[in-house]
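Visitor: okay, here's the prediction I keep looking at, along with the sequence it came from:
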Amino acid sequence: MARIEIISLELPSGIVIGGENSTIKTLGEKLKNFRARHQVSMETVMHAADLSVSTILNLEHGRTGKPRGSTVRKLLSYMDFMDNES
């Protein structure tokens, strides 16, 4: 049986991803909610975070079990920036 480890990551803006008290457990869920809240397309995120649309699609649909550290940093940096601009 696979072991699932729950981690928590908090950004300077107060964004929390994961952890037992979070309703958002994955980066993909966070990204999906972020895009809906800010009304931005996958293409916008792709260009701003310098990622491929397939990477974003795979994250949002739960097909990426453990994303690369560089992918996580790019996305969280972009989301943090956008949240601070609002």
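Guide: In hand now; what should we look at?

Visitor: please make it C-alpha for all contacts and neighbour counts, starting now.
Guide: Noted.

Visitor: where do the helices sit along this protein?
Guide: Along the chain, the segments classed as helices by DSSP state H run 27-38, 42-49, 53-60, 69-85.

Visitor: the second one vs helix 27-38, what angle?
Guide: Pointing back at helix 42-49 there. Using axes from the mean of the first three to the mean of the last three C-alpha atoms, to 10 degrees, the direction of helix 42-49 lies 110 degrees away from that of helix 27-38.

Visitor: by contact count, what packs against helix 42-49?
Guide: helix 53-60, helix 69-85 (3 or more C-alpha pairs under 8 Å, 6 or more residues apart in numbering; DSSP states H and E).

Visitor: what's the longest one packed up against?
Guide: Using 3+ C-alpha pairs under 8 Å, 6+ apart as the contact criterion, the elements in contact with helix 69-85 are helix 42-49.

Visitor: any idea of the pLDDT on residue 37?
Guide: Looking at residue 37, its pLDDT reads 90.

Visitor: so residue 75 sits right up against residue 47, yeah?
Guide: No - contact criterion C-alpha atoms under 8 Å: residue 75 and residue 47 do not qualify, at 11.0 Å.

Visitor: now the helices of the chain in a markdown table, with mean neighbour count?
Guide: Output for the helices of the chain, formatted as a markdown table (neighbours: other C-alpha atoms under 10 Å):
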| stretch | mean neighbour count |
| --- | --- |
| helix 27-38 | 16 |
| helix 42-49 | 16 |
| helix 53-60 | 16 |
| helix 69-85 | 14 |
